[in-house]
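Asker: Structure of the sequence below:
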Amino acid sequence: MDTRQAARRTLILGGARSGKSTFAERMLAETADQRTVTYAATAPRYPGDPEWAERIARHQAQRPGGWRTVETGDEPAALAELFRSAEGPVLADCLTLWLTSAMDTVSAWDEGIWASGSAPRELGELTRGLIAAYESCPGPVVAVSNELGFGLVPPDPGTRRFRDELGRLNQAFAAAADAVWLVVAGLPLRLK
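Answerer: Numbering: from 1, shown residues only. This next block holds a predicted model:
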């Protein structure tokens, strides 16, 4: 059996430039009907940032031509809706950017709002909704996320909160996944 074949729910973790997106794309390209793959691009657009625009363009160029791309980066609830309504395989790249957008949406970076309890509650609702949608996705779904827990402790509360929330999100996705992979230096290691 090809161990790279996509399970019904797959999570692929890795650091920046680890090869996780390429591995995820190859996994679906090798196993899915190319006409039905939906690529959920979670990257928000940052007008005036040419380096970010070039990163997005590079990702777009490496996808198979027949894949349908849906940009969900500006609205966190859009990814959950896409999971629930998918008619074929879905590749969500990546949960890290989804979390950034979700934290922006609920003002989770603001210490006062976070301390008030509204941001943690709203972020929790978005996260639980996303995980439930991932679990109920009717077709194969591959989610990609960064593993930030190997690095230094961030110097400010907002960035530490982001790192911690991403760790919790990754754990929840891993628990819901049928298969979990870690990609390091382009080399995939099956964890589950």
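
Asker: where does this structure dip in pLDDT?
Answerer: Applying pLDDT under 70 to the chain flags the ranges 1-6, 32-35.

Asker: Which residues are in contact with Glu122?
Answerer: Each residue near Glu122 by CB atoms under 8 Å, 6 or more residues apart in numbering is listed here: Thr105, Val106. For the C-beta atoms, the positions are set from N, CA and C on the backbone; glycine is no exception.

Asker: what helix or strand is it on?
Answerer: helix 118-136 (DSSP states H and E).

Asker: Output that helix as CSV, nothing but the C-alphas.
Answerer: Only the C-alpha atoms of helix 118-136 are listed here, as CSV (Å, rounded to 0.1, in the frame of the first residue of the first chain):
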residue,chain,number,x,y,z
SER,A,118,-15.0,37.8,24.4
ALA,A,119,-12.0,37.0,22.1
PRO,A,120,-11.3,33.6,23.6
ARG,A,121,-14.9,32.7,23.5
GLU,A,122,-15.3,33.8,19.8
LEU,A,123,-12.1,32.2,18.8
GLY,A,124,-13.1,29.0,20.5
GLU,A,125,-16.4,29.0,18.5
LEU,A,126,-14.6,29.5,15.2
THR,A,127,-12.2,26.8,16.0
ARG,A,128,-14.8,24.3,17.2
GLY,A,129,-16.8,25.0,14.0
LEU,A,130,-13.8,24.4,11.8
ILE,A,131,-12.9,21.1,13.5
ALA,A,132,-16.5,19.9,13.3
ALA,A,133,-16.6,20.8,9.6
TYR,A,134,-13.3,19.0,9.0
GLU,A,135,-14.7,15.9,10.8
SER,A,136,-17.9,15.9,8.6
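
Asker: How far off centre is the following helix or strand past it?
Answerer: Note on helix 118-136: by DSSP H and E, the next helix or strand toward the C-terminus is strand 141-146. Distance, stretch centre to chain centre, for strand 141-146: 5 Å (CA atoms, centre = their mean, to the nearest Å).

Asker: try stretch 88-96
Answerer: 6 Å.

Asker: From one end of it to the other, what's the distance?
Answerer: 23 Å (CA to CA, to the nearest Å).
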